[in-house]
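[1] Kindly return the folded structure for what I paste below:
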Amino acid sequence: MVKPKKRLGQHFLKDPSIARDIVEALTGHLNYQELLEIGPGTGVLTQFLLKSDKKITALELDEESVEFLNNKYKSEELTIIHGDFLKANLPELFKQPYGIIGNFPYNISSQIFFRVIEERNRVPEVVCMLQKEVAQRICSPPGSKVYGILSVLLQAYYDVEYLFTVKPDVFIPPPKVDSGVIRLTRNSRLELTCDPALFKKIVKQGFQNRRKTLRNALKPLNLPVEVSSLDVMSLRAEQLSVEAFIELTKQVESGGKHN
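    Residues are numbered from 1 along each chain as shown. Below you'll find the predicted structure:
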């Protein structure tokens, strides 16, 4: 068997029933024919993905895992690639819309989601397992203490659902925390009605000092007085919905003159 590597954040799921539940969380009715599995490890999800009607591409950074998977699975519907998702040329790998599934390494899950956001118009669905705390944060609503940057940026483009919790004892080695499985489904918002780069900048800056009002948290952006005096600036970032952040971004773009 493949040895889990701490430097890669590997925790191999050993319970096939949980693996089956994760794969079955894919809705199946969305319009895509290809699936990208991030970090297949020993193939516990892969074995169930191969029973679907989709073409599977498994992207794995660990050479030992790649060798193991190539020996274990022989299927025309499976392509195993030795590579890093964060550096992969995704438009080259996928010419059509594709779904994403995987047990995400805890240490790079946020970076994975930032790439998902970049690919949002080609990725209609994501089902993944990650650290429970991060999973809950992504799915939390405005007003929650754990609502944050990833919550807003992902919920701008996806409907998010927390599906179930996975305990540490079903992994080799067991992580020190619980895991959570979530599903992201692309929503109907094709594009933001504001500058996406400015939107991201305001969201990030607002949550960097989440206990401060936006008036104080956004001071480094040197906003005009007309914007700083808006009623919304008396709120904290965690109190704003995605729509409220979009509206605030429009106000910043227009210097506080947006109606």
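[2] drop to CA atoms for contacts and neighbour counts, all remaining ones
    Noted.
[3] Can you give the contact residues for the one helix or strand in the chain whose mean pLDDT sits lowest?
    Within the chain, no helix or strand scores below strand 12-13, which has a mean of 86 by mean pLDDT, DSSP states H and E. For strand 12-13, contacts defined as C-alpha atoms under 8 Å, 6 or more residues apart in numbering pick out P4, A19, G41, T42, V44, V170, F171, I172, P173.
[4] Strands along this structure, start to end?
    Along the chain, counting by DSSP state E, strands occupy 12-13, 34-38, 55-60, 78-82, 98-103, 125-131, 158-166, 171-172, 179-186.
[5] closest one to E247 among the ones you listed?
    E247 sits nearest to strand 158-166 of all these, at 18.3 Å, using C-alpha to C-alpha.
[6] so that closest one versus strand 125-131, what angle?
    Angle of strand 158-166 versus strand 125-131, following axes from the mean of the first three to the mean of the last three C-alpha atoms, to 10 degrees, is 40 degrees.
[7] Strand partners (parallel or antiparallel) of strand 158-166?
    Here strand 158-166 is paired, per DSSP bridges, with strand 179-186 (antiparallel).
[8] quick one: the strand it pairs with to chain centroid distance?
    8 Å (C-alpha atoms, centre = their mean, to the nearest Å).
[9] Now do it, average pLDDT.
    Averaging pLDDT along strand 179-186 yields 97.
[10] I'd like the C-alpha coordinates of stretch 130-148 written as PDB, please.
    Presented in PDB, the C-alpha positions along stretch 130-148 are these (Å, rounded to 0.1, in the frame of the first residue of the first chain):
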ATOM      1  CA  LEU A 130     -12.100  18.900   3.900                       C
ATOM      2  CA  GLN A 131     -11.500  20.100   7.400                       C
ATOM      3  CA  LYS A 132     -14.900  20.400   9.100                       C
ATOM      4  CA  GLU A 133     -14.200  23.900  10.300                       C
ATOM      5  CA  VAL A 134     -13.400  25.100   6.800                       C
ATOM      6  CA  ALA A 135     -16.500  23.300   5.400                       C
ATOM      7  CA  GLN A 136     -18.700  25.000   7.900                       C
ATOM      8  CA  ARG A 137     -17.200  28.400   7.200                       C
ATOM      9  CA  ILE A 138     -17.900  28.000   3.500                       C
ATOM     10  CA  CYS A 139     -21.500  27.100   4.100                       C
ATOM     11  CA  SER A 140     -22.200  29.600   6.900                       C
ATOM     12  CA  PRO A 141     -24.700  32.500   6.300                       C
ATOM     13  CA  PRO A 142     -24.200  36.200   6.900                       C
ATOM     14  CA  GLY A 143     -24.200  37.000  10.600                       C
ATOM     15  CA  SER A 144     -22.400  33.800  11.600                       C
ATOM     16  CA  LYS A 145     -19.100  34.100  13.600                       C
ATOM     17  CA  VAL A 146     -17.400  31.800  11.100                       C
ATOM     18  CA  TYR A 147     -18.800  33.600   7.900                       C
ATOM     19  CA  GLY A 148     -15.700  34.900   6.100                       C
END
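[11] how does the protein divide into domains?
    The chain breaks down into these domains under automatic domain parsing: 6-186, 196-254.
[12] Would you convert the ones you listed into CSV that also reports mean neighbour count?
    Shown next, in CSV, are the domains of the chain (neighbours: other C-alpha atoms under 10 Å):
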stretch, mean neighbour count
domain 6-186, 18
domain 196-254, 18
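[13] Of all the strands of the chain, which one is nearest E243?
    strand 158-166 (13.2 Å).
[14] Using PDB, write out every CA atom in the closest one.
    Only the C-alpha atoms of strand 158-166 are listed here, as PDB (Å, rounded to 0.1, in the frame of the first residue of the first chain):
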ATOM      1  CA  TYR A 158     -22.300  28.700  -6.000                       C
ATOM      2  CA  ASP A 159     -25.100  27.300  -3.900                       C
ATOM      3  CA  VAL A 160     -23.400  25.600  -1.000                       C
ATOM      4  CA  GLU A 161     -24.600  22.700   1.200                       C
ATOM      5  CA  TYR A 162     -23.000  21.000   4.200                       C
ATOM      6  CA  LEU A 163     -23.800  17.300   3.700                       C
ATOM      7  CA  PHE A 164     -22.300  15.300   6.500                       C
ATOM      8  CA  THR A 165     -19.500  15.000   9.000                       C
ATOM      9  CA  VAL A 166     -16.700  12.300   8.900                       C
END
